[in-house]
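Undergrad: Predicted model and sequence follow; I will ask about them next.
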Amino acid sequence: MCRHYRILLAGDIEEEGMMSKRRRSLLLLLGVLVIAAVVVLFQILVPARPPEPIVFGVGLAITGVVGTIGEDQRQGVQLAQDFINQKQPGVLGRSLSGPLDLRIEDTLDTTDGAGAVIDRFINQDRVLCIIGPTLSQQQFSTGPVANTAGVPVIGPSNTAAGIPQIGEFIFRVSAPVAQVAPNALRAALNLFPNVRNVAQVNATNDAFSVSEGGTFRQAIADTGLNLAFQGTFLTTDRGTGFDQLITNILNNNPPIDLLVISGLTNDSSSLIQEARALGYDGPIVGGNGLNDPNVARLTEGAAEGMVVATAYFPGLQTALNQTFRQRYQERFNESPGQFPAQAFTAVQVCAEAVARVEASTSQPITSLDLASARRAIQQELLQFSGFETVLGPIGFTSEGEIIQQNAFVTRLTVIENPDGTISGEQELLGG
Amino acid sequence: MDPVRFVIQTIINGVAVGSVYGLFALGYTLIFGTLEIINLAHAAVFMMGAFFSLSLAQGTTIWGLLDPPLRLPLGVAFVLGSLGAGLLGILIERVAFRALRRRPATPLTTLISSIGVALFLVNLAQLRFGADDQRFQVRWFPDWLRENAPQWSWIIPGSRFRLAQVRIGPAQVQMLDLIILLVAVGLMLALWFAINRSKVGKAIRAVAESPRTASLLGIDVDRIIMTTFFVASALGGAAGVLVGMKNNVSPFMGQVPGLKALAVIVLGGLGDITGAMLGGLVMGIAEVLTQAAGLASWSDAVAFGVMFLILVARPQGLLGRAREQRA
């Protein structure tokens, strides 16, 4: 019994051994098949590595005293991103190797805020190029950092003198005040030929306003007018008003026939409102900060008739501008002003430079090492000439200064809407 | 230039600016005098008061609850906006200060707590109302302050975007400036009487002297502190509405006056109500005189320079009492 049992046991073991060998090879075969199937499925289902995104850093003063401008600019760059990523037929037609990824950050209205954001773009986000910051003052502080790091920067709204001169990587699409501002003064003289004595005021704690003030004074001298009053204010005066400045202007001898204002949008609007309230009835020429139809609402209509030179005119009859304006109106329910148009252009120009680099190297820009890619973009930007944008054809000088063929002067018309609110429209005086 | 006209106008401008600084500073000084804490959230309360009032004047649905929107006359909006700021003050006291006071925390802790509240409120306002400047529209003001001003020889009627003006001798001032001046001075006097002549005022003074003794005398200290916060914040809110009516309303409108009002209470003597009013006037007039001299960029420097000089001569401030040296 015991023996029999043992034999049986041995036979079982032998049989079991053969079975497990067969099962093992079967399992092995099955495993191989499963792996092969997974590999095949993977190749069918998952396409080759997705194209790497093309990353730009966009640093704008979305909050703070110039929040109005930063918000407008954000809308402009978002629209540009949509245009490029959706490959609008006929508009921004060239395609990029990957989706455009805009890192939009709020720099506040301070140089510290801008410094932190730009630093992050350069070292952490490792962007190909930077659009911003909003204020000239901020650019003077962050531009040198980006330039040393070799990152191309496009200033979307920096208009003070000396911006492209910060370094070879610093460009701007915003025509400098020296080019734009004198046009407004000439246009005002055509409208009001009897103007003799001019009061010129500007903020003194803002680089752009100081620069524009100097340009206006030069233009006043060049046109043979008399600079009868020169005044300054601080951007912080808005908290307590501009009564005394206006009192000084109204009491000036000889009496003032024309008021020329350089300052940020909100401050200048307050100033105009108070000037009208205290009894200044003469014409007003506004600087770039007042180049915004919103001024009609901010001044409650007091800025009616204000003459402003502008680098962008919404009515420009080109296919690109008409599409831009229509899409902007549809998406944001307002007409685009100069700031969104310039911000849109900054993204467009940068994307075009990337497309040109990719065309000349025949490979995605993301496959180049970062430093070479940034340098290649900078080199391409220098080649721009007569490039079609919503601002009209533009190019860059060897310093990175914009060459813009169109210059416009507008007059603000105030519209009282049926619901009692006030809005404004800029009417073209000459272009 | 007519020098008399210029001087009169300059003085009125200075007094108008100064009275608003004073009104603002009263809130600071009231809370400091009672609790010995600097409430840096006061600048944010100033701003919120302006926004409350603006919302009521332009019509608000209160997050879609009301239909049609609630639109109130400017005077009513001013009063309700100021009271709203007062209630906000009570809330701030409950949330940011009461727990710290019980612990008891160091003055630095309460200071930081108030900075936190200020940042929160400014950002909240930005989220709710946007960063854009907003205005009290001229058309919200009553008719008799605009085109239909009384036909008296010393009143120049206004227009669509201009309030009427008042002739004072050869000078012209905006009616609004005079109203701001009158309201600010009126509120200051009312506060002075309330603190020095009323029962609640007496209780506030008792708490300021020593909370513990006041409590032993049967004064509900928490309630008095709450009242102090309400009054201080309502005054701050009223200052906010007045500044907002004259200039613009924005989430950042409290920052500069906030800093100057701090200087004003130091100038006037910490915790001293009359000193805060006087300090405000000195500050406002110094600032405006600098602007009148055509040195507008220096106005802040001169205003703070005056403060510095006065403090060198009188370290306790214009009306402050010198601290007793205790053995």
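TA: Received it, and whenever you're ready, just let me know what you need. Numbering: from 1, shown residues only, chains lettered A, B, ... in the order given.
Undergrad: surely residue A:258 meets residue A:280?
TA: No: look at residue A:258 against residue A:280 with Cβ atoms under 8 Å: they stay out of range, at 10.4 Å. Using the backbone N, CA and C atoms, a C-beta is placed for each residue, glycine as well.
Undergrad: Between the two, which is the more surrounded one?
TA: residue A:258 (23 against 18; other Cβ atoms under 10 Å in any protein chain shown).
Undergrad: how about the biggest helix by length in chain B: buried residues?
TA: Looking across chain B with DSSP state H, the single longest helix is helix B:3-35. Buried positions in helix B:3-35, judged by neighbour count with 16 or more other Cβ atoms under 10 Å in any protein chain shown: B:5-6, B:8-35.
Undergrad: what's the next secondary structure element after that helix?
TA: Once the chain leaves helix B:3-35, the next helix or strand it forms, by DSSP states H and E, is helix B:42-58.
Undergrad: where in chain A is pLDDT low?
TA: A:1-19, A:42-49, A:87-94, A:236-240, A:430-431 (pLDDT under 70).
Undergrad: Next to chain A in this structure, residues from the stretch 101-250 of chain B, please.
TA: B:126, B:130-133, B:135, B:137-139, B:160-163, B:165, B:172, B:174, B:177, B:243, B:246-248, B:250 (Cβ under 8 Å from any Cβ of the partner chain).
Undergrad: Narrow the residues you listed to those in helices?
TA: Short answer: these in helices (DSSP H) are B:126, B:177, B:243, B:246.
Undergrad: Can you tell me which of the residues you listed are buried?
TA: So, by 16+ other Cβ under 10 Å, the buried ones in these are B:126, B:177, B:243, B:246.
Undergrad: export those to TSV and tack on pLDDT?
TA: Listed next are those as TSV, based on pLDDT from 0 to 100:
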residue	pLDDT
B:126	85
B:177	81
B:243	87
B:246	81
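Undergrad: Farthest pair within those?
TA: Greatest spacing in those, by Cβ to Cβ: B:126 and B:177 (28.9 Å).
Undergrad: Residue A:111: neighbouring residues, count only.
TA: Around residue A:111 there are 18 residues (other Cβ under 10 Å).
Undergrad: Which strands or helices does whichever helix or strand residue B:119 is part of pack on?
TA: Taking DSSP H and E as the definition, one finds residue B:119 inside helix B:107-129. Other helices and strands packing on helix B:107-129, by 3 or more Cβ pairs under 8 Å, 6 or more residues apart in numbering or on different chains; DSSP states H and E, are helix B:42-58, helix B:99-102.
Undergrad: Report the angle between it and helix B:42-58.
TA: 20 degrees (axes from the mean of the first three to the mean of the last three Cα atoms, to 10 degrees).
Undergrad: The following helix or strand past helix B:107-129 pairs with which strands, parallel or anti?
TA: Downstream of helix B:107-129, the first helix or strand assigned by DSSP H and E is strand B:155-156. Applying DSSP bridges, strand B:155-156 is found paired with strand B:165-168 (antiparallel).
Undergrad: Which positions in the partner strand come out as buried?
TA: B:165, B:166.
Undergrad: For residue A:55, grab phi and psi.
TA: phi -100, psi 120 (degrees, to the nearest 10).
Undergrad: Ok, residue A:154 next?
TA: Residue torsions, per degrees, to the nearest 10, at residue A:154 are phi -120, psi 110.
Undergrad: repeat for residue A:168
TA: Dihedral angles (degrees, to the nearest 10) for residue A:168: phi -70, psi -20.
Undergrad: tally of neighbours for it?
TA: By other Cβ under 10 Å, neighbour count at residue A:168 equals 17.
Undergrad: Looks like it contacts residue A:378 (just checking).
TA: Yes: counting by Cβ under 8 Å, residue A:168 sits close enough to residue A:378 to count as a contact (6.8 Å).
Undergrad: What strand or helix carries the residue sitting nearest the centre point of chain A?
TA: Taking Cα atoms, centre = their mean, the centroid of chain A lies closest to residue A:343, which sits 2.8 Å from it. Using DSSP H and E, residue A:343 sits within helix A:338-361.
Undergrad: and what of residue A:130?
TA: Going by DSSP H and E, residue A:130 is in strand A:129-131.
Undergrad: Tell me the helix or strand right after that strand.
TA: helix A:136-149.
Undergrad: Buried residues of that next one, list them for me.
TA: Buried-residue list, helix A:136-149, by 16+ other Cβ under 10 Å: A:136, A:137, A:138, A:139, A:140, A:141, A:142, A:143, A:145, A:146, A:147, A:149.
Undergrad: Please produce CSV containing those residues, extended by distance to chain B.
TA: Putting these into CSV (distance: Cβ to the nearest Cβ, whole Å) gives the following:
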residue, distance to chain B
A:136, 18
A:137, 15
A:138, 16
A:139, 21
A:140, 19
A:141, 20
A:142, 21
A:143, 25
A:145, 26
A:146, 26
A:147, 30
A:149, 30
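Undergrad: Reformat these into TSV and put distance to residue A:183 next to each item.
TA: As requested, the buried residues of helix A:136-149 are exported to TSV (distance: Cβ to Cβ, whole Å):
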residue	distance to residue A:183
A:136	19
A:137	24
A:138	26
A:139	23
A:140	25
A:141	29
A:142	29
A:143	26
A:145	33
A:146	31
A:147	30
A:149	36
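Undergrad: Reduced to three states, what does residue B:65 come out as?
TA: At residue B:65 the chain is in coil, as set by DSSP: H, G, I helix; E, B strand; the rest coil.
Undergrad: Quick check on it: phi, psi?
TA: phi -80, psi -30.
Undergrad: Distance of it relative to chain A?
TA: Residue B:65 sits 21 Å away from chain A, taking Cβ to the nearest Cβ, to the nearest Å as the criterion.
Undergrad: That residue: neighbouring residues, count only.
TA: For residue B:65, using other Cβ under 10 Å, the count is 9.
Undergrad: Output the contacting helices and strands for the longest helix of chain B.
TA: Going by 3+ Cβ pairs under 8 Å, 6+ apart, helix B:3-35 lies up against helix A:243-250, helix B:42-58, strand B:171-174, helix B:175-197, helix B:199-209, helix B:221-246, helix B:255-268, helix B:273-292.
Undergrad: Let's have those in a markdown table, adding distance to residue B:67.
TA: Output for those, formatted as a markdown table (distance: least, Cβ to Cβ, whole Å):
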| stretch | distance to residue B:67 |
| --- | --- |
| helix A:243-250 | 40 |
| helix B:42-58 | 15 |
| strand B:171-174 | 36 |
| helix B:175-197 | 32 |
| helix B:199-209 | 40 |
| helix B:221-246 | 26 |
| helix B:255-268 | 36 |
| helix B:273-292 | 42 |
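Undergrad: Just want the residue of chain A that's nearest chain B.
TA: Closest approach between chain A and chain B, counting by Cβ to the nearest Cβ: residue A:67, at 2.9 Å.
Undergrad: That residue and residue B:132 touch, don't they?
TA: Yes: Residue A:67 lies in contact with residue B:132 (Cβ under 8 Å); the separation is 6.6 Å.
Undergrad: Thank you, goodbye.
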